[in-house]
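K.L.:
give me a 3D structure for the following:
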Amino acid sequence: MSSVLPLGQAEAAICGAKATTLALLARAGIAVPDGVVVHEAAADDWETALPAVLERLGGSIFAVRSSAPGEDAADASFAGQYLTVLNVAAEDVAYAVRRVSASGPQAAAYANATGRPHAAKIPALVQPMLAPVAAGVAFTRHPLTGLAQTIIEAVPGTGEGLVSGNADPQRWETDALGALISSGTPDVLSTKQARAVMALAERIEVLLGGGQDVEWALDSEGKVWALQARPITCCTASIPAPAPADVGRALASGTGASPGVARGRVRVLSGLDDFAGFRTGEVLVCRATSPAWTPVLTRAAAVVTETGGILAHAAIVARELGIPAVTDVDGATSLRDGSLILVDGSRGSLTLLDDV
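P.N.:
Here you go, the predicted model:
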């Protein structure tokens, strides 16, 4: 068997759930960018075949994503843990494939925390790069309550800023009467476009069954493309627990991104060099997180960020780890190190406890 398989021939056992699911969606008539899977980057045949493969795919710029066997599982998403490389020129695709294939070890902290195995070498999915006017993520269940309510988060251009937590998205959801309402960054999607994204996500849920986490992109012609679909993890139909008794002083508020309540001392981190000073049980406070921050997330009592939404990778991982998260907290990194706070990830509030 060749180590390069067309997307339509992807097999879960060797090509991972991401590629296999996209192949299923394409066969069902969902708009999915064509692609190939390099499932054995250590083999010696794929680089020779690659130029002809890329020519058949068309375009001159490509996206190279992971499609690991354990990724996108119902109980562990591995959200953002493996490498993705966007806007890759044709002559650089082979190098990007090798980088993605070798990114398995960076998921070790997440795998250990969730009790999931991870591979040292992983398959890489290569697709023509879209040039979207907007992109983002849609959940067909509310990520905090598990109730049947489709939520969309959208940013202009590619969705990288959203999933990384570095951008504040526009959020669309339905109210109790079924009307669409939006919040956050304005004018990313029109109401008509938001309905089209919701329709795509809900159609994918019908095809795949169960609540779905769908990465999507909207092109300049108004076509909505599916870039990824996986089960929503850690999402049960429940209502957030009652708030604790009134204690302390209201400190700040943001968007509840992972349910639950936890207390701990604030530790503001500005980058990887600050990791050594973080103690288990502290509240991680930062501008935004990335997959490299997972070792700290696994030791945190809660996480608070200045940017990001409820569908970003960090929010997904926080929910899987069972720690409260609050995003979009204005001035979060100005909080005083060492102060004792209560983080309510269901309601998006921070309470100062030092003077209690």
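
K.L.:
please enumerate the strands of the stretch 251-356 of the chain.
P.N.:
With DSSP state E, counting those that start in this stretch as the criterion, the stretch 251-356 of the chain has strands at 255-258, 261-268, 283-286, 302-305, 325-327, 340-344, 349-352.

K.L.:
okay, those strands, which one's buried deepest?
P.N.:
Ranked by mean neighbour count, the strands of the stretch 251-356 of the chain are led by strand 325-327 with a mean of 31 (mean count of other CB atoms under 10 Å). Any C-beta I mention is one placed from the backbone N, CA and C, and that applies to glycine too.

K.L.:
list phi and psi for G157.
P.N.:
phi 70, psi -150 (degrees, to the nearest 10).

K.L.:
A73 against A17, yeah?
P.N.:
Yes - between A73 and A17 there is a contact at 6.9 Å, judged by CB atoms under 8 Å.

K.L.:
more crowded one of the two?
P.N.:
Legend: neighbour count by other CB atoms under 10 Å for A73 and A17, higher for A17 (22 against 16).

K.L.:
tell me which element that one falls in.
P.N.:
helix 12-27 (DSSP states H and E).

K.L.:
next, format the strands of the stretch 251-356 of the chain as TSV and append distance to V317.
P.N.:
What follows is the strands of the stretch 251-356 of the chain, written out as TSV (distance: least, CB to CB, whole Å):
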stretch	distance to V317
strand 255-258	9
strand 261-268	16
strand 283-286	12
strand 302-305	9
strand 325-327	9
strand 340-344	16
strand 349-352	20
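
K.L.:
strands paired with the helix or strand following the helix holding A17, and their directions?
P.N.:
Going down the chain from helix 12-27, the next helix or strand is strand 36-38, by DSSP H and E. Strand pairing for strand 36-38, determined by DSSP bridges: strand 4-6 (antiparallel), strand 124-128 (antiparallel).

K.L.:
ok, which of the ones you listed comes nearest A325?
P.N.:
Closest approach to A325 among those is made by strand 124-128 (28.4 Å; CB to CB).

K.L.:
how far off helix 12-27 does the closest one point, in degrees?
P.N.:
On the basis of axes from the mean of the first three to the mean of the last three CA atoms, to 10 degrees, strand 124-128 is oriented at 20 degrees to helix 12-27.

K.L.:
show me how far strand 124-128 is from its chain's centre.
P.N.:
The chain centre lies 18 Å from the centre of strand 124-128; the measure is CA atoms, centre = their mean, to the nearest Å.

K.L.:
distance of the residue nearest to G254 when sequence neighbours are not counted relative to V343?
P.N.:
Leaving aside its chain neighbours, G254 sits nearest to V329 (3.6 Å; criterion: CB to CB, 6 or more residues apart in numbering). From V329 across to V343, the span is 10 Å (CB to CB, to the nearest Å).

K.L.:
what is in contact with the two at once?
P.N.:
Shared contacts of V329 and V343 (CB atoms under 8 Å, 6 or more residues apart in numbering): V304, L350.

K.L.:
quick revisit: look at the residue nearest to G254 and report its pLDDT.
P.N.:
We have a pLDDT of 95 for V329.

K.L.:
could you list the low-pLDDT ranges of the stretch 151-300 of the chain?
P.N.:
For the stretch 151-300 of the chain, the stretches with pLDDT under 70 are 235-246.

K.L.:
please enumerate the helices of it.
P.N.:
Along the stretch 151-300 of the chain, the segments classed as helices by DSSP state H, counting those that start in this stretch run 160-163, 191-208, 294-297.

K.L.:
same check, this time on the stretch 1-150 of the chain
P.N.:
Going by DSSP H, counting those that start in this stretch, the stretch 1-150 of the chain shows helices at 12-27, 46-57, 93-101, 108-114.

K.L.:
buried set for the shortest one?
P.N.:
So the one you mean is helix 108-114. Of the residues in helix 108-114, those with enough neighbours to count as buried (16 or more other CB atoms under 10 Å) are A109, Y110, A111, A113, T114.

K.L.:
pipe those into CSV and attach distance to A10 per row.
P.N.:
Listed next are the buried residues of helix 108-114 as CSV, based on distance: CB to CB, whole Å:
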residue, distance to A10
A109, 28
Y110, 24
A111, 23
A113, 28
T114, 24
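
K.L.:
mind putting those in TSV, pLDDT and distance to P143 included?
P.N.:
What follows is the buried residues of helix 108-114, written out as TSV (pLDDT from 0 to 100; distance: CB to CB, whole Å):
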residue	pLDDT	distance to P143
A109	87	22
Y110	86	18
A111	86	22
A113	85	19
T114	85	17
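
K.L.:
from these, pick the one nearest D44.
P.N.:
Ranked by distance to D44 (CB to CB), the buried residues of helix 108-114 are led by A111 at 28.9 Å.

K.L.:
ok, the closest residue to the closest one other than its chain neighbours - contacts?
P.N.:
Nearest residue to A111, sequence neighbours excluded (CB to CB, 6+ apart): H118, at 4.0 Å. By CB under 8 Å, 6+ apart, the contact set of H118 is A68, G70, F78, Q81, G104, P105, A107, A108, Y110, A111.

K.L.:
distance of the last one relative to E221?
P.N.:
Spelled out, it's A111. Distance from A111 to E221, by CB to CB: 40 Å.
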